[in-house]
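Student: quick one, what's the 3D model for this:
(chains A and B)
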Protein chains: 2
Amino acid sequence: MKKSVGAKTIVYPTPVFIVGSYSKDGRPNVMTAAWGGICCSSPPCVAVSLRKATYTYGNIMAHKAFTISIPSEAYAMEADYFGLVSGEKEDKFAASGLTPVKSDLVNAPYVKEFPLVLECKVLHTLEIGLHTQFVGEIMDVKADEAVLGRKGLPDIEAVRPFLYAPETRGYYRIGSFIGKAFSIGRGI
Amino acid sequence: MKKSVGAKTIVYPTPVFIVGSYSKDGRPNVMTAAWGGICCSSPPCVAVSLRKATYTYGNIMAHKAFTISIPSEAYAMEADYFGLVSGEKEDKFAASGLTPVKSDLVNAPYVKEFPLVLECKVLHTLEIGLHTQFVGEIMDVKADEAVLGRKGLPDIEAVRPFLYAPETRGYYRIGSFIGKAFSIGRGI
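Tutor: Model prediction:
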């Protein structure tokens, strides 16, 4: 018998997306978002939901572009900081010592020190409630050469991303390999 | 210097959502989806993207409701199987030996053996491309009592969900605790 927990935003895992954008006057900013995920294979798209009150919301509305940088677990402190303060009041790059790099495909900056980056152009904007969802077409994925594995794809065990557990508000590492998708189910 | 990997659907982590729905004639079905995530805090909403070709797509369009069951790692084989075959051709519950339970809030079934369940009513349908995104309002979250921890919330370390790495197509366990969100960043 399952117990009701209430109408809460609980799923596991949620990602730790670092959303990069430029302000109207060209200053680079980043914020942390866990409300998002891939939303289409063709065109390749990723969704991220932000509150209108965020500085990043206005930036994305102005430039119709953003990046998503995936931090490795070594940068958990910086990733959490990016979600604690507003870019309107603080230069988060300067405070954290991390480096903004302008995407060469879209008008948005990414975090140089993070191993995996998506460059996105806004395709759709969906008003849902407290959050507005931006659907971005993924124009390119860029990765540090050190994390590229078999077939030139980013290896999750080298990227060392981490995840967020909502409500209990914890960050967790990625654990060990279980098995191949589209494969282990053939045992049924 | 980052290297281009191409315009691919790569972010880490993506979830393993088991989407439950009834067919037009009332048969329970489940399918596996990794393209999704929370998309709004108020109302609490979760998004999941499906191809029109799936059996589940027609089911959700018919009933405007679905569930998301989060499998624990012990059920990785069953979760993968749910993504390998179509419910039009196979009774996936019968084949896997798992049990459909009718949600008491929405017209959709969930998987009894999976520890965490979201009951959702469709709020929005967004055509993006190959995938259609369903935004579901989370009417309730239900969990096995055995996985409830502090404050009556599901404990990710008891749920033991797992994650999917796209393109390299691997399933991975959840690893160890890193730190508290909205907290560890204060060290910056």
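
Student: scan chain A for its longest helix.
Tutor: helix A:55-63 (DSSP state H).

Student: what helices or strands is that one leaning on?
Tutor: In terms of contacts (3 or more Cβ pairs under 8 Å, 6 or more residues apart in numbering or on different chains; DSSP states H and E), helix A:55-63 is packed against strand A:17-22, strand A:28-33, strand A:45-51, strand A:65-70. C-beta: built from backbone N, CA, C; applies to glycine.

Student: same thing but at 10 Å, please
Tutor: In terms of contacts (3 or more Cβ pairs under 10 Å, 6 or more residues apart in numbering or on different chains; DSSP states H and E), helix A:55-63 is packed against strand A:17-22, strand A:28-33, strand A:45-51, strand A:65-70, strand A:116-127, strand A:131-144.

Student: kindly reformat those as a markdown table containing distance to chain B.
Tutor: A markdown table is the format used below for those (distance: least, Cβ to the nearest Cβ, whole Å):
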| stretch | distance to chain B |
| --- | --- |
| strand A:17-22 | 7 |
| strand A:28-33 | 8 |
| strand A:45-51 | 5 |
| strand A:65-70 | 6 |
| strand A:116-127 | 6 |
| strand A:131-144 | 4 |
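
Student: let me see the mean pLDDT of the longest helix of chain A.
Tutor: In this model, helix A:55-63 has a mean pLDDT of 98.

Student: contacts only, for A:Ala79.
Tutor: Counting by Cβ atoms under 10 Å, 6 or more residues apart in numbering or on different chains, A:Ala79 makes contact with A:16-18, A:30, A:32, A:69-73, A:96, A:98, A:111, A:114, A:161-162, A:164, A:171, B:178, B:181, B:184-185.

Student: swap in 7 Å and give it another go.
Tutor: Contact analysis of A:Ala79 by Cβ atoms under 7 Å, 6 or more residues apart in numbering or on different chains lists A:Val16, A:Ile18, A:Thr32, A:Pro71.

Student: biggest separation within these, which pair?
Tutor: The largest distance within those, taken as Cβ to Cβ, falls between A:Thr32 and A:Pro71 and amounts to 8.9 Å.

Student: who's more crowded, these two?
Tutor: Remark: of A:Thr32 and A:Pro71, A:Pro71 carries more neighbours, 27 against 22, as counted by other Cβ atoms under 10 Å in any protein chain shown.

Student: quick check, the more buried one in contact with A:Phe17.
Tutor: No. Using Cβ atoms under 7 Å, A:Pro71 is not in contact with A:Phe17, being 9.2 Å away.

Student: how about residues contacting stretch A:135-155?
Tutor: Outside stretch A:135-155, the residues that reach it (Cβ under 7 Å, 6+ apart) are A:39, A:43-47, A:66, A:105-106, A:115-124, A:158-159, B:2-10, B:128, B:167-168.

Student: now, of those, which are buried?
Tutor: Applying 16 or more other Cβ atoms under 10 Å in any protein chain shown to the contacts of stretch A:135-155, the neighbour count classes A:39, A:43-47, A:66, A:105-106, A:115-124, A:159, B:2, B:5, B:7-10, B:128, B:168 as buried.

Student: list the beta-bridge partners for the closest residue to A:Cys120 other than its chain neighbours.
Tutor: Nearest residue to A:Cys120, sequence neighbours excluded (Cβ to Cβ, 6 or more residues apart in numbering or on different chains): A:Gly136, at 2.9 Å. Beta-bridge pairing for A:Gly136 (DSSP bridges): A:Val46, A:Val122.

Student: how many neighbours does A:Gly136 have?
Tutor: A:Gly136: 28 surrounding residues under other Cβ under 10 Å.

Student: quick one on the thing from earlier: what angle separates the longest helix of chain A from strand A:131-144?
Tutor: Inter-element angle recorded for helix A:55-63 and strand A:131-144: 80 degrees (by axes from the mean of the first three to the mean of the last three Cα atoms, to 10 degrees).

Student: quick one: helix A:55-63 to chain centroid distance?
Tutor: Remark: helix A:55-63 is offset 16 Å from the chain centroid, using Cα atoms, centre = their mean, to the nearest Å.

Student: what's the angle from it to strand A:45-51?
Tutor: Angle between the axes of helix A:55-63 and strand A:45-51 is 130 degrees (criterion: the same axes, to 10 degrees).

Student: ends of stretch A:9-24, how far apart?
Tutor: Start-to-end span of stretch A:9-24 (Cα to Cα, to the nearest Å) is 32 Å.

Student: could you list the buried residues of it?
Tutor: A:9-23.

Student: before we move on, what about stretch A:44-62?
Tutor: Buried residues in stretch A:44-62, counting neighbours by 16+ other Cβ under 10 Å, are found at A:44-51, A:54-61.

Student: wouldn't A:Thr54 be in contact with A:Thr32 here?
Tutor: No. Between A:Thr54 and A:Thr32 there is no contact under Cβ under 7 Å: 10.4 Å.

Student: hang on, A:Gly185 packs against B:Asp80?
Tutor: Yes. Contact criterion Cβ under 7 Å: A:Gly185 and B:Asp80 qualify, at 3.2 Å.

Student: fine by me, thanks again.
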